[in-house]
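Undergrad: coords below, sequence missing:
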């Protein structure tokens, strides 16, 4: 029988390819938290939705950090939840099939609920 994770962390990402470091650091922290058995949800808003868009995230690399694609793929493989803002992708004419596998579209109500359930929230 497996135990559920008791600590919950939400990380909100609002930066994309225009700032590779601020786009990548949230996934460094998210993967570290997953390795510590923390339940992690990353929420992508504004330009942050581009960090999980196919054809874009493969090209985001911050000096001194692993490529963003590897970190995002590891995050999903390790069981992290990846939420994307529906109005943010609609504004950018991005369809769900253009996003990485495992990304879940959400609206503000789901974001609020997820934040209220978390022990901590980080904003990038």
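TA: Cool, got the structure. Computed from a predicted structure; not experimentally measured.
Undergrad: From now on I want contacts and neighbour counts done on CA atoms only, so please keep to that.
TA: OK.
Undergrad: Check what contacts the strand or helix carrying residue 89 and list those residues.
TA: Here residue 89, judged by DSSP states H and E, is contained in helix 86-91. Helix 86-91 has contacts (CA atoms under 8 Å, 6 or more residues apart in numbering) with 45, 46, 47, 49, 95, 105, 106, 107.
Undergrad: try 7 Å
TA: For helix 86-91, the external contacting residues (CA atoms under 7 Å, 6 or more residues apart in numbering) are 45, 46, 49, 95, 105, 106, 107.
Undergrad: can you redo those as a markdown table with neighbour count and secondary structure?
TA: Below are these laid out as a markdown table (neighbours: other CA atoms under 10 Å; DSSP: H, G, I helix; E, B strand; the rest coil):
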| residue | neighbour count | secondary structure |
| --- | --- | --- |
| 45 | 21 | coil |
| 46 | 17 | helix |
| 49 | 26 | helix |
| 95 | 11 | coil |
| 105 | 18 | strand |
| 106 | 16 | strand |
| 107 | 13 | coil |
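Undergrad: With pLDDT and distance to residue 82 as added columns, please give these in JSON lines.
TA: Formatted as JSON lines, these follow (pLDDT from 0 to 100; distance: CA to CA, whole Å):
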{"residue": "45", "pLDDT": "98", "distance to residue 82": "11"}
{"residue": "46", "pLDDT": "97", "distance to residue 82": "15"}
{"residue": "49", "pLDDT": "98", "distance to residue 82": "10"}
{"residue": "95", "pLDDT": "96", "distance to residue 82": "16"}
{"residue": "105", "pLDDT": "97", "distance to residue 82": "9"}
{"residue": "106", "pLDDT": "98", "distance to residue 82": "10"}
{"residue": "107", "pLDDT": "96", "distance to residue 82": "13"}
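Undergrad: nearest to residue 7, of those residues?
TA: Ranked by distance to residue 7 (CA to CA), those are led by residue 106 at 21.8 Å.
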